[in-house]
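> Quick one, what's the 3D model for this:
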Amino acid sequence: MTATEDVSPGPFWNLETRLSSVLSMLAGYIGAAAYAHSAGYFVTFMTGNTERAIIGNFAGDHTLAAGAALLIACFVVGVFVASMCRRYWWTNHPHGATMLTTLALLVAAVADRIAGERGIGLIPILAVAFGMGALNTSFVKNGEVSIPVSYVTGTLVKLAQGVERHLAGGGSVRDWAGYAVQYGSFALGALLGGLVSIPVSGEYMLDAAVVGSALVAVYTWRADVRYCRRGKNRRTDGACTTSQPDTTPSKFTEN
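As a prediction, the model looks like this:
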C-alpha cells in the first residue's frame, strides 16, 4: 500500500497490534529473566550468540563458545518445530506458538530443578532458546514471519526508516508507530523481567517465566482472530471487540 492510495486505514490499535505488543513484552521478559540468572546467556539475541560462538574460541573460553552455538541451534530448531506445527496442526493461531513456548519453559523449569544448580544452568537455557524460537513464529504471512517478536535490531531499522519517510512527507505516523510500540513493548517486558529478578531467586525465575507465558497464551487464545470470529454471535462480554477481523493491509506486516 502506498501513501497515495485512496484506502482508509483500519484502526491502529487493532488485534494484530495488541497481540504483537503482548508477545514482544513476553519475549523481553523471558530474555531478561534468563540473562539475569544465568551465565549471561542470550535467548533473544542470536547475533550476540553468533559473535560469542566465534570470539569465545579466540579468547580461550571454549565452554562459552560451545554454549552460544548450542543456543543458536536450539533457537533454530524451535522455529522449525513451531513452523511444522503451524503447517499441520494450527494455522494463523498466535496462541499455538505461545503454548509451545510455555511448554518449553515448563521443561526448562523442571530441568533446572532436577539439576539443582545455583542460578539457571545451560541445559534449561537451551529449552528457553527453543521456546523463544517458537514464539517468533506467532505471525506468519505468505509462509514468512511478518512480525518477529524478539528481532529488536530489525524493528529499530524499520522504525527509523518510517520516521524518515514521515518527515520527508512521503508517509505518516503509522509508518513507524507500530514499530515504536513493538520496541517499547519488548523494552517494557525486559524491565519487568529485571524487576521480578530482584525479589525472586534464580531457582524460581523460570517458574515465574512459565506463569507469565501461560497467562499470555490464555490472552492470545482469547484474542485470536478465529476465536473472535467463532464467538462473535454468542459473546456479549466484550472479550472480542470487533465483529469482523481487521484485514486492512498495514506497513507492520508487509512483505
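> In what element of secondary structure is the residue nearest the centre of the chain found?
Against the mean C-alpha coordinate of the chain, by CA atoms, centre = their mean, the closest residue is residue 149 at 3.5 Å. Taking DSSP states H and E as the definition, residue 149 sits outside all helices and strands.
> In this model residue 135 seems to touch it, though I could be wrong.
Yes. Counting by CB atoms under 8 Å, residue 149 touches residue 135, with 6.0 Å between them. Every C-beta, even on glycine, is put in place using the N, C-alpha and C of the backbone.
> Now do the shared contacts for these two.
Each of 23, 26-27 lies in contact with both residue 149 and residue 135 under the rule CB atoms under 8 Å, 6 or more residues apart in numbering.
> Show me the helices in the stretch 1-150 of the chain, by range?
According to DSSP state H, counting those that start in this stretch, the stretch 1-150 of the chain carries its helices in the segments 15-36, 46-58, 62-88, 94-115, 122-135.
> Nearest approach to residue 180 belongs to which of the ones you listed?
helix 15-36 (10.7 Å; CB to CB).
> rewinding a little: can you tell me which of the helices of the stretch 1-150 of the chain comes nearest to residue 169?
Between residue 169 and those, the shortest gap by CB to CB is with helix 15-36, which sits at 24.7 Å.
> what angle do that closest one and helix 122-135 make?
Angle of helix 15-36 versus helix 122-135, following axes from the mean of the first three to the mean of the last three CA atoms, to 10 degrees, is 170 degrees.
> got the phi/psi numbers for the residue nearest to the centre of the chain?
Backbone torsions of residue 149, given as degrees, to the nearest 10, read phi -70, psi -20.
> Need the per-residue pLDDT for it.
pLDDT for residue 149: 87.
> repeat for residue 236
pLDDT, read off for residue 236, is 41.
> heads up, I number from 25, so please use that
Got it, first residue is 25 now, which makes that one residue 260.
> pretty sure residue 62 contacts residue 150?
No. Assessed by CB under 8 Å, residue 62 is found out of contact with residue 150, at 10.8 Å.
> Count the residues that sit near residue 193.
8 (other CB atoms under 10 Å).
> phi, psi of it?
Dihedral pair for residue 193: phi 90, psi 10, per degrees, to the nearest 10.
> I figured residue 81 was touching residue 88, is that so?
No. If you go by CB under 8 Å, residue 81 and residue 88 don't touch, sitting 9.3 Å apart.
> Settle it for me: which of the two has more neighbours?
Legend: neighbour count by other CB under 10 Å for residue 81 and residue 88, higher for residue 88 (19 against 14).
> and stretch 151-160, average pLDDT?
Averaging pLDDT along stretch 151-160 yields 93.
> May I have that stretch as PDB, with CA atoms only?
What follows is stretch 151-160, C-alpha atoms only, in PDB (Å, rounded to 0.1, in the frame of the first residue of the first chain):
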ATOM      1  CA  ALA A 151      15.000 -25.200  26.300                       C
ATOM      2  CA  VAL A 152      14.200 -21.500  26.800                       C
ATOM      3  CA  ALA A 153      16.000 -20.700  23.500                       C
ATOM      4  CA  PHE A 154      13.900 -23.300  21.800                       C
ATOM      5  CA  GLY A 155      10.800 -21.700  23.200                       C
ATOM      6  CA  MET A 156      11.900 -18.200  22.100                       C
ATOM      7  CA  GLY A 157      12.400 -19.500  18.500                       C
ATOM      8  CA  ALA A 158       8.900 -21.000  18.600                       C
ATOM      9  CA  LEU A 159       7.500 -17.700  19.900                       C
ATOM     10  CA  ASN A 160       8.900 -15.800  16.800                       C
END
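> what's it in contact with?
47, 50-51, 54-55, 58, 65, 67-68, 95-96, 98-106, 121-122, 124-129, 131-132, 135, 169, 172-175, 230, 233, 237.
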